[in-house]
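A.B. asks: Give the three-dimensional model of this entry:
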Amino acid sequence: MMRRCIAIRYEDSPHPHEVRIAWLLDGRPWLRCFVRSHGTPLRATGDALLCFGLLPALELGCDLSIEAPVDRGLLSSSAAVQRLVGSWTPGCSPITVTAPATDTNYAACRGHGCFFSGGVDSSYSLAVNKHVLDGLVTLIGCDVDVTDRGRAAWLAGIAHGAGSTYGLEPIIVETDLPRQMHPYLGWIEYHGSALAGFRHLLADRFATMRIAASVDSSSMWDVPWGSHPGIDPQLGTGGASIMLDGTVPRPEKIVRLLDEPALLADLRVCYHGGRNCGTCKKCVLTRVYLAVLGGGRRIPSFPPEMPALSDAALRIPDISVRTDMVILRAAALGGAGFNPLVARIDRELAEFDRRRGSLLERLRQRLKLKERMRRGRHRQRLARFSQARDRP
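C.D. replies: Alright, predicted model coming up:
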């Protein structure tokens with residue numbers, strides 16, 4: 001049986017700061033999306049299209065045809081990305097990627113950038129690399145929908161504030177790509193390769209681009225995640241490199257940010273994507289880190305009231321968070337009044353280790369049931385789309 005094929009190409013755009021991308025499924029229209037820059041023109045390369053299209057095609061089991069020239073090195077290294085991602089999901093076999101090959105050339109004098117969301121990871125990358133950076137790229141359309149003008153303006157304001165503080169050019173990029181792709185591939189699985197695509201659109205401005213790591217080096221190779229040391233750098237090229245930056249535990253990042261009041265003032269961590277609610281698990285845990293590591297420091301981006309620390313906020317979902325909790329426990333041992341917190345962390349560490357070693361969990365990991373179900377849902381949605389489109 002012939003494999004289905006996704007083709008991806010650029011459509012005409014009236015402005016050099018915007019690209020429009022058309023996705024075709026078996027030669028017929030499927031999706032359309034846009035990327036718009038406020039700050040620098042975009043370079044419509046096949047390199048970006050490969051990064052945008054590779055993981056969706058792999059997830060959906062479709063070959064990929066790119067209707068623009070792609071750097072030879074990127075075509076070659078994308079095979080390693082396929083092998084890694086394919087190893088995470090049973091039945092995810094390699095796909096065929098076809099594109100005209102080229103040797104991409106860029107101007108010699110370009111800058112150094114970093115994706116910046118105002119979160120802990122990207123704020124840490126900015127703080128550590130501020131002396132070598134000359135630009136920040138903030139995406140609107142990921143956790144803040146591009147149609148939400150109020151939140152979009154607020155997020156752009158955070159980026160402009162950081163740019164002003166550190167003397168860096170803020171570049172705001174708006175896109176509806178995550179929303180268009182969401183039924184077929186979630187942002188957790190997609191974000192590393194999608195960021196690589198945005199990076200290539202900005203290749204005339206930046207010679208190097210940093211993507212902030214959200215997992216530390218002790219466990220990052222073992223955690224299936226959209227941004228990964230086996231994905232992000234592989235999707236760069238010799239003239240447009242990608243660095244996975246800041247592979248240290250989250251508590252260490254927060255300690256570093258205590259010396260950056262401008263970044264702390266606008267720090268955003270909330271699961272809801274907007275201003276920090278102060279009560280979701282991510283908000284509460286960040287405030288606990290600040291209480292233990294920062295001497296109880298309060299910052300303006302959180303509501304003044306500190307909610308009760310629930311068991312859910314301390315629950316450990318994966319090995320990376322376990323590392324964070326061990327560090328938090330060690331810091332809490334040296335502080336007054338944190339004995340109850342230490343005891344609760346001990347219980348959660350023991351519970352995580354018990355679950356991880358259980359027969360049921362080992363079986364679930366071996367069979368990769370969660371990954372099988374996710375991929376099955378995405379393929380079913382593609383099949384329903386095709387059926388609906390093909391009805392007379």
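A.B. asks: For Leu64, grab phi and psi.
C.D. replies: Note on Leu64: its backbone torsions stand at phi -130, psi 130 [degrees, to the nearest 10].
A.B. asks: Which strands or helices does the helix or strand containing Gly157 pack on?
C.D. replies: Assigned by DSSP states H and E, Gly157 belongs to helix 149-166. Identification of packing neighbours for helix 149-166 by 3 or more C-beta pairs under 8 Å, 6 or more residues apart in numbering; DSSP states H and E yields strand 135-140, strand 169-175, helix 261-265. C-beta coordinates here come from the backbone N, C-alpha and C atoms, glycine included.
A.B. asks: Tell me where this structure has strands.
C.D. replies: 5-11, 18-25, 28-38, 63-66, 70-71, 97-98, 101-102, 111-115, 135-140, 169-175, 206-212, 241-245 (DSSP state E).
A.B. asks: Ser218: which of those is closest?
C.D. replies: Ser218 lies closest to strand 241-245 among the strands of the chain, at 14.5 Å (C-beta to C-beta).
A.B. asks: got the CA coordinates for the helix holding Gly157 in CSV?
C.D. replies: Below are the C-alpha coordinates for helix 149-166, written out as CSV (Å, rounded to 0.1, in the frame of the first residue of the first chain):
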residue,chain,number,x,y,z
ARG,A,149,-4.9,40.7,21.3
GLY,A,150,-4.9,41.6,25.0
ARG,A,151,-2.6,38.8,26.0
ALA,A,152,-0.5,39.2,22.8
ALA,A,153,0.1,42.9,23.6
TRP,A,154,1.0,42.0,27.2
LEU,A,155,3.5,39.3,26.1
ALA,A,156,5.0,41.6,23.5
GLY,A,157,5.4,44.2,26.3
ILE,A,158,7.4,41.7,28.4
ALA,A,159,9.7,41.1,25.5
HIS,A,160,10.2,44.8,24.8
GLY,A,161,10.9,45.4,28.5
ALA,A,162,13.6,42.7,28.6
GLY,A,163,15.0,44.0,25.3
SER,A,164,15.2,47.6,26.7
THR,A,165,16.8,46.4,30.0
TYR,A,166,19.5,44.4,28.3
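A.B. asks: got CSV for the strands of the chain, with mean pLDDT, mean neighbour count and distance to Ser219 too?
C.D. replies: CSV is the format used below for the strands of the chain (pLDDT from 0 to 100; neighbours: other C-beta atoms under 10 Å; distance: least, C-beta to C-beta, whole Å):
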stretch, mean pLDDT, mean neighbour count, distance to Ser219
strand 5-11, 98, 19, 32
strand 18-25, 98, 19, 34
strand 28-38, 97, 17, 32
strand 63-66, 98, 20, 30
strand 70-71, 98, 25, 31
strand 97-98, 98, 16, 30
strand 101-102, 96, 15, 36
strand 111-115, 98, 22, 22
strand 135-140, 98, 25, 26
strand 169-175, 98, 20, 30
strand 206-212, 98, 24, 16
strand 241-245, 96, 20, 14
